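Chemist: For reference, the sequence and a predicted model appear below.
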Amino acid sequence: MSRIGKHPISVPAEVTVKLEANNVVTVKGPKGELTQTFHPDMIIALEGNVLSVSRPDDEHLHKSLHGLTRTLLNNMVEGVSKGYSKDLEVVGVGYKVEKKGTQLVMNLGFSHPVVVEEIPGISIAVPAANKITISGIDKQVVGQFAAEVRGKRPPEPYKGKGVRYAGEVIHLKAGKTGGKK
């Protein structure tokens, strides 16, 4: 058995799960609604408020899909009930961010401001001039959007300036040393 796949998922009272034909699962909660289609061989069962995933046999593909399916379902349930968020920090002299309407405007040391448009399902908050919070109900979309924002100016290895995840450790390289003759 898959170590992750065999664990049941407890569904909170405020969340409703609907199983349809061809393994289409719709999860609706206070934060929103997510729908996803899973591999047709996976067996998804809802008994009361417990969601479980099983596989038909021990074929390599089914073993791989077992834990993945369970994790994706758990992320959907957690997303519509609690939501997900990623925090980013902007480090550097003169680097700052602000939100104008649905746009994130970042001054990152370029000759022009970098503008990122908010996408559907994502909300951006700027609690301070050097902090960004990206939140939403879909874990994959939140992570991908945070990676794209970080990619506008990733931390450089000598001074650590740039956009980084909160708590990310940047291993700094030693600079040049004066050569002796």
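Modeler: Received it, and whenever you're ready, just let me know what you need. These numbers were taken from a predicted model, which means no experiment stands behind them.

Chemist: Quick check: G167 vs Q140, distance?
Modeler: Here G167 is placed at a distance of 20 Å from Q140 (CB to CB, to the nearest Å). The way it works is simple: take the backbone N, C-alpha and C, and place the C-beta from them, glycine included.

Chemist: Looking at these two now, which is surrounded by more residues?
Modeler: Taking other CB atoms under 10 Å, G167 and Q140 do not tie; Q140 has more neighbours (12 against 7).

Chemist: Return the per-residue confidence for the more buried one.
Modeler: You'll see Q140 listed with a pLDDT of 96.

Chemist: who touches the longest helix along the chain?
Modeler: Scanning the chain for the helix with the most residues, using DSSP state H, yields helix 60-81. Outside of helix 60-81, the residues within contact range by CB atoms under 8 Å, 6 or more residues apart in numbering are 1-5, 7, 9, 11-12, 14-15, 17, 25, 27-34, 36, 38-39, 41-42, 44, 51, 53-56, 84, 136-140.

Chemist: Now do the contacts for the residue positioned nearest the centre of the chain.
Modeler: In the chain, the residue lying closest to the centroid (CA atoms, centre = their mean) is G143, at 2.8 Å. Counting by CB under 8 Å, 6+ apart, G143 makes contact with 84, 86.

Chemist: what secondary structure does it sit in?
Modeler: The local conformation at G143, judged by DSSP: H, G, I helix; E, B strand; the rest coil, is helix.

Chemist: now do the same end-to-end measure for stretch 26-44.
Modeler: 12 Å (CA to CA, to the nearest Å).

Chemist: Can you list the buried residues in it?
Modeler: With burial defined by 16 or more other CB atoms under 10 Å, the residues of stretch 26-44 counted as buried are 27, 29, 31, 34, 38-39, 42, 44.

Chemist: do the same with stretch 157-171
Modeler: 161-164, 170.

Chemist: ok, now stretch 71-89?
Modeler: Neighbour-count burial for stretch 71-89 [16+ other CB under 10 Å]: 71-81, 83-84, 86, 88-89.

Chemist: mind checking how far the residue lying closest to L108 once chain neighbours are set aside is from P12?
Modeler: Nearest in space to L108, with sequence neighbours left out and distances taken as CB to CB, 6 or more residues apart in numbering, is R153 at 4.1 Å. Noted for R153: a distance of 39 Å to P12, by CB to CB.
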